[in-house]
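*Asks:* Give me coordinates for this.
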Amino acid sequence: MTRCAAEPAASCDSEVKPCHPWYERLIHRNLACMWSNFRETGADRLILCRVLEARSLLRYVVEAVPGADILVIRLRARLEVLQARIRSREAGRDPGWFLGTAAYLAPVLEQARVEDHVVDNEDRPIAEVAEEVLRLAGWLGAAA
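*Replies:* Modelled structure (predicted):
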């Protein structure tokens, strides 16, 4: 998605082990270092991909990315679609952990409602989903 934006932007995908504060601290310390490097090279926007079970966890992002205007956009797909994608992605490997995590998180995230926006991510081209996310973020045609 960063290639779609008109302005310099950065992207970070963080996988955090569920319910483990040590991982949360490590991920956000690393994010702070990465954001500093991104800023030094001209990035003024960041897409952070992660699971967010509680809005209170955003406090770590606020600390790692000072001055951030945070917008949470959740990509949603039915559990069956997620499971098919996991099986495809993990072909030749054991997908058990990812399948179990998806089965746990799908209803949790649906109930938590921590997002500002939800984007359907089932039967749409990736570029269309990315464009909707960038539009919701106000990044299409907007100056930083």
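
*Asks:* ok, now which residue in this protein is the farthest from the centroid?
*Replies:* The outermost residue of the chain, judged against the average C-alpha position, is Gly92 (25.7 Å), by Cα atoms, centre = their mean.

*Asks:* what kind of secondary structure is it in?
*Replies:* Following DSSP: H, G, I helix; E, B strand; the rest coil, Gly92 is assigned to coil.

*Asks:* quick one, phi psi at it?
*Replies:* phi 90, psi -10 (degrees, to the nearest 10).

*Asks:* Got the confidence number for Arg45?
*Replies:* On the pLDDT scale, Arg45 is placed at 89.

*Asks:* Same check on Ala5?
*Replies:* Predicted confidence (pLDDT) for Ala5: 46.

*Asks:* And for Arg55?
*Replies:* pLDDT, read off for Arg55, is 92.

*Asks:* out of all of them, which helix in the protein is the longest?
*Replies:* Ranked by residue count, the top helix of the chain under DSSP state H comes out as helix 21-40.

*Asks:* Show the subsequent helix or strand relative to that one.
*Replies:* Remark: after helix 21-40, the chain's next helix or strand is strand 46-49, criterion DSSP states H and E.

*Asks:* buried residues in that next one?
*Replies:* 46-48 (16 or more other Cβ atoms under 10 Å). Every C-beta, even on glycine, is put in place using the N, C-alpha and C of the backbone.

*Asks:* repeat for stretch 99-106
*Replies:* 99, 101-102, 105-106.

*Asks:* got it, and stretch 115-130?
*Replies:* Buried residues in stretch 115-130 (16+ other Cβ under 10 Å): 115, 119, 121, 129-130.
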